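Engineer: After the sequence you'll find the predicted model.
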Amino acid sequence: MVYNNTHSPNSQYLVPGSRSIVHDLSLQNQPESDPNQRFKRDLAWCIAPTLMVSFKYAWAGVRYAFVTQRNFRIHTLIGTVAITLAILLELPPVEIAVIGLTSGLVMTLELLNTAVEAVVDLTVKQSYHKLAKVAKDCAAGAVLISAIAALLVAGSLLLPPLVTRILLLMR
Ligand SMILES: Nc1ncnc2c1ncn2[C@@H]1O[C@H](COP(=O)(O)OP(=O)(O)OP(=O)(O)O)[C@@H](O)[C@H]1O
């Protein structure tokens with residue numbers, strides 16, 4: 001596939017007759033001598049002009065995932081419960097941090113999974129493609145593995161003190 005970016009100021013760097021889109025990406029074809037040119041992304045529709053605007057877009061992504069992805073809401077709820085329990089049970093700070101990290105990792109991978117889904121759908125639309133299946137299944141698999149690891153971590157750190165507290169209350 002040739003990406004015919006004729007409006008690009010860097011179009012002189014395009015490889016004529018190239019069969020790979022990689023050759024046409026402007027970042028790959030910038031002259032090394034011009035540092036200002038190196039990081040211009042001509043293919044981007046919009047580039048956040050400030051740090052605050054970057055945060056706004058990032059937050060929009062989190063909000064989108066929360067509103068549209070049931071799994072993201074479930075992971076957020078479980079992570080919040082686990083961290084709250086860890087604080088209430090007065091676990092050592094390192095253990096609270098480990099629970100926070102593993103919960104955050106699951107949510108991060110769920111966001112990446114949502115991004116992969118969007119890019120795949122954008123690329124193949126409603127048609128079946130076995131590489132689309134590989135991409136989506138692997139992204140979902142990454143979430144699954146991290147969720148199992150998070151459950152193991154939270155279970156092994158939270159269950160012993162939780163059971164002890166419950167037994168104390170029942171006496
Ligand atoms: N275009 C496609 N071509 C081939 N298989 C697809 C395609 N779209 C979806 N699939 C298959 O259907 C499954 C479900 O697709 P979906 O878009 O709901 O992703 P998902 O990761 O299961 O979503 P979620 O994380 O929201 O549950 C994918 O894991 C994949 O196996």
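Structural biologist: Arrived safely, thanks for sending. Only a predicted model underlies this, so the values are computations on that prediction, with no experimental measurement involved.
Engineer: nearest residue to the residue nearest the centre of the chain other than its sequence neighbours?
Structural biologist: Nearest residue to the geometric centre of the chain (CA atoms, centre = their mean): Leu112, 2.7 Å. Counting by CB to CB, 6 or more residues apart in numbering, Ala139 is the residue found nearest to Leu112 once chain neighbours are left out, at 6.6 Å. Backbone N, C-alpha and C define where each C-beta goes, glycine included.
Engineer: quick one, what contacts the one you found?
Structural biologist: By CB atoms under 8 Å, 6 or more residues apart in numbering, the residues touching Ala139 are Leu109, Leu112, Asn113, Val116, Glu117.
Engineer: And the last one, how far from Arg63?
Structural biologist: So that's Glu117. Computed as CB to CB, to the nearest Å, the Glu117 to Arg63 distance reads 16 Å.
Engineer: what about the residue nearest to the centre of the chain, is that helix, strand or coil?
Structural biologist: Classification of Leu112 by DSSP: H, G, I helix; E, B strand; the rest coil places it in helix.
Engineer: surely it meets Ala142?
Structural biologist: Yes. The pair Leu112 / Ala142 is scored as a contact, 7.3 Å apart, by CB atoms under 8 Å.
Engineer: Which positions in the chain make contact with the ligand?
Structural biologist: Residues of the chain lying close to the ligand (CB under 6 Å from any ligand atom) are Gln69, Asn71, Asn113, Glu117, Val124, Tyr128, His129, Ala132, Lys133, Lys136, Asp137, Ala140.
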